[in-house]
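*Asks:* next come a sequence and a model predicted from it.
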Amino acid sequence: MHQNHLIKARPRNHINVKCVLHFLLSHQGREFIKKVAGSTSGLHTLSLSKIENLKIPLQIEEEQEQIVQEIESRLSICDRLEATIEANLKRSEALRQSILKRAFEGKLVPQDPNDEPAEKLLERIRQEKAKIQEKPPTPRKAKSNKESQLSLEGL
């Protein structure tokens, strides 16, 4: 199937269909297709005559079967690795959430009984901040124009 075209191919005898499929899905196979496909405004199209003229490298039947088995074995390994990675990512996120929860509960590291409780520390910070905001800003003594000139001349 290519874009909105459905093309049915019937390979000749002694041709492993899966071997042809894996080749066409490979990088080299896709490049072969791009070379013969017509392109108008970036959209590639294939005609039956172009597909008929595709040169697909094939080996003897036994080698085709071995190639397909090897490809499918490796793809199976990739599928298992992908499943393992997905499961480990989920475990990692659960562990992250667990660590954050314990950290916010104060259970991540042993607590020093001499430490000030968080509530008291926060209250002390609020009080100090309120004191700072209550104080009116102290006015600065404005320098006269002569003082400004003198201080600039010294530079």
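*Replies:* Great, that's in hand. Numbers count the residues shown, from 1 in each chain.
*Asks:* so which helix or strand takes in Glu62?
*Replies:* helix 61-104 (DSSP states H and E).
*Asks:* pLDDT of that helix, averaged?
*Replies:* For helix 61-104, mean pLDDT is 96.
*Asks:* and the following helix or strand past it, what other elements does it pack with?
*Replies:* Next helix or strand after helix 61-104 toward the C-terminus (DSSP H and E): helix 118-134. The helices and strands touching helix 118-134, judged by 3 or more Cβ pairs under 8 Å, 6 or more residues apart in numbering; DSSP states H and E, number zero. Bear in mind the C-beta positions are built from the backbone N, C-alpha and C, glycine included.
*Asks:* would you mind splitting the protein into its domains for me?
*Replies:* Listed by automatic domain parsing, the domain ranges of the chain are 1-58, 60-108.
*Asks:* next, give phi and psi for Gly38.
*Replies:* phi -80, psi 150 (degrees, to the nearest 10).
*Asks:* what about the nearest residue to it once chain neighbours are set aside, neighbour count?
*Replies:* Nearest residue to Gly38, sequence neighbours excluded (Cβ to Cβ, 6 or more residues apart in numbering): Thr45, at 5.1 Å. Neighbouring residues of Thr45 were enumerated by other Cβ atoms under 10 Å; the total is 13.
*Asks:* looks like Met17 contacts Pro11 (just checking).
*Replies:* For the record, residue 17 is Val, not Met. Yes - shown here, Val17 and Pro11 form a contact pair, counting by Cβ atoms under 8 Å, at 5.8 Å.
*Asks:* can you dump the C-alpha atoms of stretch 32-45 in PDB for me?
*Replies:* Coordinates of each C-alpha in stretch 32-45 appear next as PDB, following Å, rounded to 0.1, in the frame of the first residue of the first chain:
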ATOM      1  CA  PHE A  32      15.000   2.300  -4.600                       C
ATOM      2  CA  ILE A  33      11.300   3.200  -4.400                       C
ATOM      3  CA  LYS A  34      12.000   7.000  -4.200                       C
ATOM      4  CA  LYS A  35      14.200   6.700  -7.300                       C
ATOM      5  CA  VAL A  36      11.500   5.200  -9.500                       C
ATOM      6  CA  ALA A  37       8.500   7.100  -8.000                       C
ATOM      7  CA  GLY A  38       7.300  10.200  -9.800                       C
ATOM      8  CA  SER A  39       7.100  13.300  -7.700                       C
ATOM      9  CA  THR A  40       4.900  16.300  -8.200                       C
ATOM     10  CA  SER A  41       5.100  19.000  -5.500                       C
ATOM     11  CA  GLY A  42       6.900  16.600  -3.100                       C
ATOM     12  CA  LEU A  43       4.200  13.900  -3.400                       C
ATOM     13  CA  HIS A  44       5.700  10.600  -4.600                       C
ATOM     14  CA  THR A  45       3.500   8.400  -6.800                       C
END
